[in-house]
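Visitor: Sequence and predicted structure, then a few things I'm wondering about:
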Amino acid sequence: MNIQIFSTQTGLNHAFTERMKEIASEKRTLNIALSGGSTPKSLFDYWAQLPEGEIDWKKFRFFWGDERCVPPSDHESNYKMTKEHLFDFITLPNKNIFRIQGEDDPTSEAKRYGELLNHELEITNGIPSFDILMLGMGDDGHTASIFPHQINLWDSLENCVTAIHPISGQKRVSLSGKVINAAKNVFFLVTGENKAEKVKEIFEQPDQAKKQYPAALVQPESGNLYWFLDEPAAKRLHNNPVT
């Protein structure tokens, strides 16, 4: 597990971008699964203002780790957020975008997207494998859209599952644990003091955390797991230098 702590969001964005560019430099095409939320929004804004040509976006193929079951025009759509903060500002063929169709029946869409991953990604040990998988973590310890009250979904035999938000009841389509842990490189991008308690528990009481928090179950087979934290999210950790 690689942990880096940043004093600013810009520093986190820069460090992740440089690592992404290193991985992309070794690939003809790079399959990346995006996450939603405020931290990726800041990252996408950072990417959008980079000088043209600094990143060869045409080699990137974009997927999502989860999506709310809403139309792509809805303000809660992860796809809409990515489009408005990134895709509208870069040169990218439409064929390189593989969105989860949140407007469709959730169960059917989970099956369709899972089959799409089988066709579009490299298969490792029978499981589709992303080159880069971005994850966030909620203050309840959830990741993608697998929440603590449905932690059993993590072990689904399917590539994608249908999950339910514990408060709103909103349905979501999410990658399952086996696909998350099959990724070649997994990056947690976690910001905010409201995440600090769960970060501490996951790092300092891992065995107990694995019973409660889906985020604690992220252990990619590749061994390439990176936690990029800002100072507020890391404030309860000890002996971790700030980058």
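Guide: Looks like it came in fine.
Visitor: Check the spacing between Lys211 and Phe228 real quick.
Guide: 25 Å (C-beta to C-beta, to the nearest Å). C-beta: built from backbone N, CA, C; applies to glycine.
Visitor: more crowded one of those two?
Guide: Taking other C-beta atoms under 10 Å, Lys211 and Phe228 do not tie; Phe228 has more neighbours (25 against 10).
Visitor: Now do the phi/psi pair for that one.
Guide: phi -110, psi 110 (degrees, to the nearest 10).
Visitor: Do me a favour and get the end-to-end distance for stretch 220-238?
Guide: One end of stretch 220-238 to the other measures 24 Å (C-alpha to C-alpha, to the nearest Å).
Visitor: which residues of the chain fall in helices?
Guide: Using DSSP state H, the helices of the chain run over 9-25, 38-48, 78-85, 106-120, 177-180, 196-204, 206-209.
Visitor: winner for burial among the ones you listed?
Guide: Of all the helices of the chain, helix 177-180 carries the top mean neighbour count, a mean of 22, counting by mean count of other C-beta atoms under 10 Å.
Visitor: chain center to it, what's the gap?
Guide: Here helix 177-180 is found 12 Å from its chain centre; the criterion is C-alpha atoms, centre = their mean, to the nearest Å.
Visitor: Mean confidence (pLDDT) on that helix, please.
Guide: For helix 177-180, mean pLDDT is 98.
Visitor: And the helices of the chain: which comes nearest Leu157?
Guide: Among those, helix 177-180 comes nearest to Leu157, with 7.6 Å by C-beta to C-beta.
Visitor: In terms of secondary structure, what does the closest one contact?
Guide: strand 127-129 (3 or more C-beta pairs under 8 Å, 6 or more residues apart in numbering; DSSP states H and E).
Visitor: and the strand it packs on, which strands flank it?
Guide: Here strand 127-129 has these sheet partners by DSSP bridges: strand 122-124 (antiparallel).
Visitor: Contacts for the strand it pairs with next, please.
Guide: The contact list for strand 122-124 (C-beta atoms under 8 Å, 6 or more residues apart in numbering) reads Asn31, Pro128, Ser129, Ala182, Glu221.
Visitor: which one of these is nearest Ser38?
Guide: Set against Ser38, the nearest of the contacts of strand 122-124 by C-beta to C-beta is Asn31 (24.3 Å).
Visitor: partner residues bridging the closest one?
Guide: Arg61.
Visitor: got the contact list for the residue nearest to Trp154 when sequence neighbours are not counted?
Guide: Distance criterion C-beta to C-beta, 6 or more residues apart in numbering; nearest residue to Trp154, sequence neighbours excluded, is Gly177 at 3.7 Å. Gly177 makes contact with Ile146, Leu153, Trp154, Asp155, Ser156, Pro214, Leu217 under the criterion C-beta under 8 Å, 6+ apart.
Visitor: Could you measure from the third one over to Leu175?
Guide: Taking C-beta to C-beta as the criterion, Trp154 is separated from Leu175 by 10 Å.
Visitor: Tell me which of those two has more neighbours.
Guide: Remark: of Trp154 and Leu175, Leu175 carries more neighbours, 33 against 20, as counted by other C-beta under 10 Å.
Visitor: Okay, the more buried one and Glu158: tell me how far apart.
Guide: 10 Å.
Visitor: and Phe6, how many neighbours does it have?
Guide: 21.
Visitor: which residues touch the closest residue in space to it that isn't next to it in sequence?
Guide: In space, and not counting its chain neighbours, Phe6 is closest to Leu12: 4.2 Å by C-beta to C-beta, 6+ apart. Residues in contact with Leu12 (C-beta under 8 Å, 6+ apart) are Gln4, Phe6, Thr39, Leu43, Leu189, Thr191, Phe228, Leu229, Asp230.
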